[in-house]
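Participant: have a look at this prediction, sequence included:
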Amino acid sequence: MAFQAPKGVSEYVPPRSALFEQARDAFATSARRACYAYMETAVFEETALFVRGVGESSDVVTREMYSFQDRGGREITLRPEFTAGVLRCVLEHNLHKGALPVKVWTTGAAFRYERPQAGRYRQFYQFDLEAIGTEDPAVDAETIAVGWDAYASLGLRQYTLLVNSLGDKNCRPVYREALQKFLRGHFQDLDEETRRRIELNPLRVLDDKRPAVRDQLANAPVMADYLCADCKAHHDAVRDLLHALEIPFTDAPRLVRGLDYYTRTTFEFDHALLGAQSGIGGGGRYDGLSEDIGGPPLPGIGFAVGLDRIVLAIESERPGASAQPGTGCQVFGVPLGEDTHADVLTLITALRRAGVRADMSFGTRGLKGAMKAADRSGATFAALIGDQERSHDTVRMRDLVDGEQYDVPATDAAAWLIERLGTNP
Ligand code: AMP
């Protein structure tokens, strides 16, 4: 074949795609339980939204965006993250003029021109949740709990939560300056890139993973020592709430995140078995973002999780993991002979309408081929119809595990199966 997906595009095909669906559904379920409503937002936006929102000096904006001019000469960027677009959408549709906080979630592809490696892609998938319009620390704890519980519901155990506060527009500049002063004094020998970062975005230097840099950062000032009284009270409240919710976390005074809009509460979920790309989710407050993109003062908090990495995390904790039961085919129809295809299709359509997941053998394979397909489908029962069954108006149900066979009146087939298999939403 002449074509391949472009480099770095993450794709999911059966059977692995069932795990992806499961990961996404776990977060959707957790969000719905906390009364977050679904949104569908633009996949591409005006480039300026991300430049002003995510921040001119962030890696994402300086070198990772998929930006282009459309045929009308507009500067367009494929979303590299969700928060700026979700907030733009909330403001555009005036949701913030109704009841606050606006609590929403969405999911889909995001795009960053990164160097592809295991767990890092150019097209990847996020689940994103935002609570917009309140400074209440309880909503900080709520968002974290929604994430925490979703990972747990997937059966994951080896993840940890790191929490920090990045201060606000009052105390952060003071800290930024102190950090800059420290870094300028210590980092003369470093590469130009790091020196530039010290001037443009010194907090990001704290995120450098190189051991030589890490060593030199050991004595760097931390934000915790510079928090103003309000930020400190907020941070203490969030920490107390997490304790109350029995969500274990580690204080991470050097935790900063790649997007510039964060204020106050900042957090990250890490997975122990994923190596270099261990971040399975992260988020925080962005109390100044609305004003940055031309909106009214409107505090907010949210997080995004990397669904690709959650699939990898599930597979690393449960090698050979496949999706939990509840997605596979339950009954597989097998026409015995040439002319019972219509009867089988009629039967399985009735089963589907009754809530049973049913499939059938298509084409003209012989009985052997059809039974092989039934086995391969993972179904619990094969439903066979031949001339005899048709003339008696029955179906022969074969238990594909133990080989037992039962002749069931066609009209009772759905009830018979539901009694043994249950129904599906
Ligand atoms: P961020 O939007 O950078 O805060 O990232 C939130 C989450 O998205 C991270 O914790 C990762 O799980 C995931 N993520 C970010 N970038 C990528 C990428 N290039 N490939 C796969 N997952 C990613």
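Facilitator: Arrived safely, thanks for sending. Everything quoted here is computed from the prediction, not taken from an experiment.

Participant: near the ligand, which residues of the stretch 301-425 of the chain?
Facilitator: For the stretch 301-425 of the chain, the residues in contact with the ligand under the definition C-beta under 6 Å from any ligand atom are 304-306, 308-309. Glycine gets a C-beta too; all of them are placed from N, C-alpha and C.

Participant: in the residues you listed, find the pair that's most separated.
Facilitator: The two members of these with the most space between them (C-beta to C-beta) are A304 and D308, at 12.1 Å.

Participant: secondary structure class for the residue in the stretch 51-200 of the chain that the ligand sits nearest to?
Facilitator: Per C-beta to the nearest ligand atom, the residue of the stretch 51-200 of the chain with the smallest distance to the ligand is F124, at 3.5 Å. Using DSSP: H, G, I helix; E, B strand; the rest coil, the three-state assignment for F124 comes out as strand.

Participant: what is it paired to in the beta sheet?
Facilitator: Residues found in beta-bridge contact with F124 (criterion: DSSP bridges) are A110.

Participant: tell me who's in contact with it.
Facilitator: Taking C-beta atoms under 8 Å, 6 or more residues apart in numbering as the contact definition, F124 lies against 10, 109-110, 112, 306-308.

Participant: buried subset of those residues?
Facilitator: Among those, those classed as buried by neighbour count (16 or more other C-beta atoms under 10 Å) are 10, 110, 112, 306-308.

Participant: just give the number of residues close to the residue in the stretch 151-300 of the chain that the ligand sits nearest to.
Facilitator: Across the stretch 151-300 of the chain, the shortest distance to the ligand (C-beta to the nearest ligand atom) belongs to G279, at 3.5 Å. Using other C-beta atoms under 10 Å, G279 is surrounded by 19 other residues.

Participant: that one contacts R257, correct?
Facilitator: No - with contact defined as C-beta atoms under 8 Å, G279 does not reach R257; the gap is 9.3 Å.

Participant: right, and V102 touches H93 too?
Facilitator: No - taking C-beta under 8 Å as the definition, V102 is not a contact partner of H93, at 9.7 Å.

Participant: picking that back up, find residues that contact each of A304 and D308.
Facilitator: Contacts common to A304 and D308, judged by C-beta under 8 Å, 6+ apart, are absent.

Participant: let me know the closest of the residues of the stretch 301-425 of the chain next to the ligand to the ligand.
Facilitator: When those are compared for distance to the ligand (C-beta to the nearest ligand atom), G306 comes out closest, at 2.2 Å.

Participant: what sits against that closest one?
Facilitator: Applying C-beta under 8 Å, 6+ apart to G306 gives the contacts 119, 124-126, 279-281.

Participant: repeat the analysis, applying 7 Å as the threshold.
Facilitator: When contacts are counted by C-beta atoms under 7 Å, 6 or more residues apart in numbering, G306 is found next to 124, 126, 279-281.

Participant: give me the number of residues near the residue nearest to A118 when sequence neighbours are not counted?
Facilitator: With C-beta to C-beta, 6 or more residues apart in numbering as the criterion, A118 has its nearest non-adjacent residue at 6.6 Å, and that residue is Q277. By other C-beta under 10 Å, the residues close to Q277 number 16.

Participant: what's the spacing between Q277 and L312?
Facilitator: Separation of Q277 from L312 (C-beta to C-beta, to the nearest Å) stands at 8 Å.

Participant: show me where the stretch 201-350 of the chain has strands.
Facilitator: Residue ranges of the strands in the stretch 201-350 of the chain, as given by DSSP state E, counting those that start in this stretch, are 250-251, 263-271, 279-285, 300-306, 331-335.

Participant: given the shortest one, what are its sheet partners and their directions?
Facilitator: Think strand 250-251. Strand pairing for strand 250-251, determined by DSSP bridges: strand 159-165 (parallel).
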